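>>> Any chance you can model this:
(2 chains)
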Amino acid sequence: MGDSPAPVLSFEECRRLFETVQRAAKSLGVSDVEALIAGHREALTRFANNTIHQNVAEQAQWLSVRVLLDHKTARATTNRFDADSIKSAVEQALALTKSVAPDPDLLPLAPPAPIPQIPRFDSATAEATPVYRARKVSEAIRLVEGAGQTAAGIYSTGQAVEAIFNSQGVAGWHSETSAQFSITAMARDSSGWAKASTAALSAMDPIELARRASDKARLSANPQELPPGQYTVVLEPAAVLDLVGQMFGDFSATALHDQRSFLTDRLGKKLFGENIDIYDDVAHPMQSGTPYDGEGVPRRRLTLVEAGVPRDVAYSRASAQRAGVEPTGHGFPLPNEIGEAPMNIVIAGGNTSIGDMIASTPRGILVTRLWYIREVDPYEKIMTGMTRDGTFLIEDGRMVAGLRNFRFNQGIIDLLNNVEALSPAVRASGEEAFDMVVPAMKAREFHFTEVTRF
Amino acid sequence: MKQLALQALDSALVPGVSYADVRVIESRDRDLSTKNGKPGQVSSAESAGLGIRVLADGCWGFAATDDMSKPGVEATARLAVDIARSSALAKKRDVVLAPENKYEVTWTSPCHIDPFTVSVEEQLSLLLAVDAELRRKSGVTLAQTAMVFHRNRQIFVSSLGSVIDQTRTFSGAGFEALSFKEDEIQKRSYPNSFGGQHQLKGYELIHELALLDHAPRAAEEAVALHSADQCPEGRFDLILDSSQIGLQVHESIGHPIELDRVLGSEANYAGMSFLTLDKLNNLRYGSEIVNAVCDARVEHGPGLGTFAFDDEGVPAQSADIIRAGQFVGYMTSRETAAAVGQPRSNGTMRATSWARLPLIRMTNVSLLPGEQTLDEVFGGVSHAIAMETNKSWSIDDKRYNFQFGCEIAWEIRDGKRVRMYKNPTYSGITTEFWNSCAAIANRDHWTLWGVPNCGKGQPEQVIGTGHGASPSRFHNIKIGAAYGG
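Presented below is the predicted three-dimensional model:
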């Protein structure tokens, strides 16, 4: 991390804004009030056809007020921080609150608890200029163009601050930076893709990502068509993330209470293979996000799956109260109907490299990336989607050809029972799930149901 | 707002800038929901800000801020210009824009009952009544309802001299009943899944939807699905209700006709399109009864893509997309129209907020009504499977191969429902599917649906689109592969 960080909103600025909220609330006779305060400054340089075609920056902030009164609560949000606008937001929150019927189960505001600081702010990333991004992008384009291919992608950098204060004394503040580079290299009848995200841009190498995408496009040229069926697959981390990542909203006490979780009647029972261990851990060095939840409760580490058995689920204060347990710090801002979810997933890795997975496969398919993943069956957790940008036939331990892309219909439960090998876990970034720390997986009997035209 | 927009435009027009536009936007939202008899979301939000787009040294730059002080606006204009100039480090050629006229217009969308003047108590009371009605049915394990309202005033000014002041009001509502039993979760929604129906209307939409009247049937069907037979696997004639047709149009006509996708702008994220330029006027997209348009005009209806001007100052238009089965048109912008030699944009550039850059987005991409009665759609063949209400949707990144799931299906014999099926899915290749279209119901059964959650762009922009459709029949479609062996 760099020196002299300059977050878009400091702790003191947020605290003063909350004092303005409290004064406005007091003038309206309201003593129980909570404020979420956020700001970000982000920029994204986008390229296609080997040229920068869109190039944007935005600065935004907002303040969201929640009022509690007579077992009722509601929220109003504004992006204007002058005293009159803040008072207006408090008035709106109060008016909405008075419109709601009392809920005897509604909890008072969260009490304060120690919140650990997790430094994830990098000055160089916060201050990256358009020229810096454009130069890196130009370099990446030159590499792909030099291979006779066409490049498209993004390079984004930015910083964000999130804070929560309430009249019980909760005072949470978190700042972090992020950098993301994604690139697709396209050849005549093939393509390759690579993507990474990190808190500090110095930890990311856009040129290496460009090389990886370009190599995949080259190696998958002249794709063969394989019939649909069940195949052994090597899923690269982004593919694991985007598919397995679809199930974590179900690791929620509220989802279980609502009987909309696939874990209904399955918690504590062996559901996946014994080689599957999954955690939620905001403090993991490859993770990101606030160390507290939407009510200011510090996040705890959860063991979501242990040796294939679903163990912990996330609890908000409300669902914890209902179950008679302690909240885990995973609640969403109130009021909401979803409850909570783990947001810092870490799937434990193994020791098998992707190269060794390929080498041990007599016949199979390597999948770089999955796309447009949607749930077909909510209880069996069958998902459908497509392969994209680098699908390869493995024969006799070698990648021998590119393949036309498949549609899959695959149950996540079945997939996690069929895992034969795991690579070390990395921070993966895709397009269908938020970033997680996941390994590559080799799995048998993956269901490809159709082949598309390219 | 107008003065602010003109000040921002003035700040952006420095030497080297060949074009600039500014959008100043104030928006207001109200979100209400219930779950099993209790309020869920009860919230309001207001936002104001501006976005400045410039063409400098032949390249685009865009910067947005909610700091609307004079120094804040000036700094944002400088940033937009700096960004554009940095783009020139990787420039192949200068951006060229198709010509457009100057307009000075003030326009407000039709809104008979301002939803923000209807009390939250009244709105929540209706949702809770629906919620209670759903839970009256034994076996319903989760009842959820929602209502959303959005108003957006935008001042657009450009270096062409345009000053366009538009205010649009949107409403949406819907509900769902879920039933968990043994090893199944089943669901029925009304009037559509994923939030219901959304239109460019006021609170009159909520009255028209008659939510409470439809709750008992949805609850009954959610529970009955547990006892229904599994939808068979094989090839069958398929009848889709208008909401599912709307989504089918969205995915397999709307996205592939975005000319920026065709030209590669979205290659890294949303993907490209099978509709390469050689296909224009040279592809049988569908059967002869298939006609589709992209129409943002008020005359088309109160869609989520209805407006007076798009977000780069081009008037709302209707463009033919498929005429008697032939592919005849793309959705364009000023830049992409010029890139393919067309004289003018057909006006589809839209942004989700002041903070985001306008992109080509579906306005109202609609399948025009056919000539058949509903009886003819259902009874035109001796045997078919009819599916209702989307449950899952997926399509590849060039928009060839799709798979959809629906909440419920019925076996149809001689035009009559004879059996309920659960877990129906169908799949296919876009052009093969539309070429198998055998019947489209007439205007009496045509609905302009709102899809509120269309994603595109980096950073992603989730926007609402409109899709007119009526129930339609397709011949020999692959059904049930998702659950097949």
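
>>> what's the longest helix in chain B?
Secondary structure of chain B per DSSP state H: the longest helix is helix B:70-87.

>>> Domain ranges for chain B, per the record?
Following automatic domain parsing, one gets these domains for chain B: B:2-227, B:229-483.

>>> Show the contacting residues for the residue in the stretch 1-150 of chain B positioned nearest to chain A.
Taking Cβ to the nearest Cβ as the measure, the stretch 1-150 of chain B has residue B:40 as its residue closest to chain A, at 3.1 Å. Every C-beta, even on glycine, is put in place using the N, C-alpha and C of the backbone. Contacts for residue B:40 (Cβ atoms under 8 Å, 6 or more residues apart in numbering or on different chains) come out as A:335-337, B:33-34, B:144, B:146.

>>> give me that answer again for 10 Å
A:334-338, B:31-34, B:127, B:131, B:144-146 (Cβ atoms under 10 Å, 6 or more residues apart in numbering or on different chains).

>>> Including neighbour count and secondary structure, could those residues go into JSON lines?
Listed next are those as JSON lines, based on neighbours: other Cβ atoms under 10 Å in any protein chain shown; DSSP: H, G, I helix; E, B strand; the rest coil:
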{"residue": "A:334", "neighbour count": "25", "secondary structure": "coil"}
{"residue": "A:335", "neighbour count": "23", "secondary structure": "coil"}
{"residue": "A:336", "neighbour count": "20", "secondary structure": "coil"}
{"residue": "A:337", "neighbour count": "19", "secondary structure": "coil"}
{"residue": "A:338", "neighbour count": "17", "secondary structure": "coil"}
{"residue": "B:31", "neighbour count": "17", "secondary structure": "strand"}
{"residue": "B:32", "neighbour count": "25", "secondary structure": "strand"}
{"residue": "B:33", "neighbour count": "23", "secondary structure": "strand"}
{"residue": "B:34", "neighbour count": "26", "secondary structure": "strand"}
{"residue": "B:127", "neighbour count": "23", "secondary structure": "helix"}
{"residue": "B:131", "neighbour count": "24", "secondary structure": "helix"}
{"residue": "B:144", "neighbour count": "23", "secondary structure": "strand"}
{"residue": "B:145", "neighbour count": "29", "secondary structure": "strand"}
{"residue": "B:146", "neighbour count": "20", "secondary structure": "strand"}
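
>>> Now residue A:368: which helix or strand?
If you go by DSSP states H and E, residue A:368 is part of strand A:363-377.

>>> can the longest helix of chain B be found next to chain A?
Yes: judged by Cβ under 10 Å from any Cβ of the partner chain, helix B:70-87 comes into contact with chain A through B:72, B:75-76, B:79-80, B:82-87.

>>> I'd like to know how many residues surround the closest residue to chain A within the stretch 201-350 of chain B.
Going by Cβ to the nearest Cβ, chain A is nearest to residue B:267 of the stretch 201-350 of chain B, at 3.7 Å. Neighbourhood size, residue B:267 [other Cβ atoms under 10 Å in any protein chain shown]: 24.

>>> re earlier: just checking: what are the partner strands of the strand or helix carrying the residue of the stretch 1-150 of chain B closest to chain A?
Assessed by DSSP H and E, residue B:40 sits inside strand B:38-56. Applying DSSP bridges, strand B:38-56 is found paired with strand A:72-78 (parallel), strand B:17-35 (antiparallel), strand B:59-65 (antiparallel).

>>> Quick check: beta-bridge partners of residue A:443?
Following DSSP bridges, residue A:443 is listed with bridge partners residue A:233, residue A:419.

>>> State the number of residues packed around it.
Other residues lying near residue A:443 total 24 when counted by other Cβ under 10 Å.

>>> care to break chain A down by domain?
Domain ranges of chain A: A:11-203, A:223-454, per automatic domain parsing.

>>> okay, those in a markdown table with distance to residue B:115 next?
Shown next, in a markdown table, are the domains of chain A (distance: least, Cβ to Cβ, whole Å):
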| stretch | distance to residue B:115 |
| --- | --- |
| domain A:11-203 | 14 |
| domain A:223-454 | 20 |
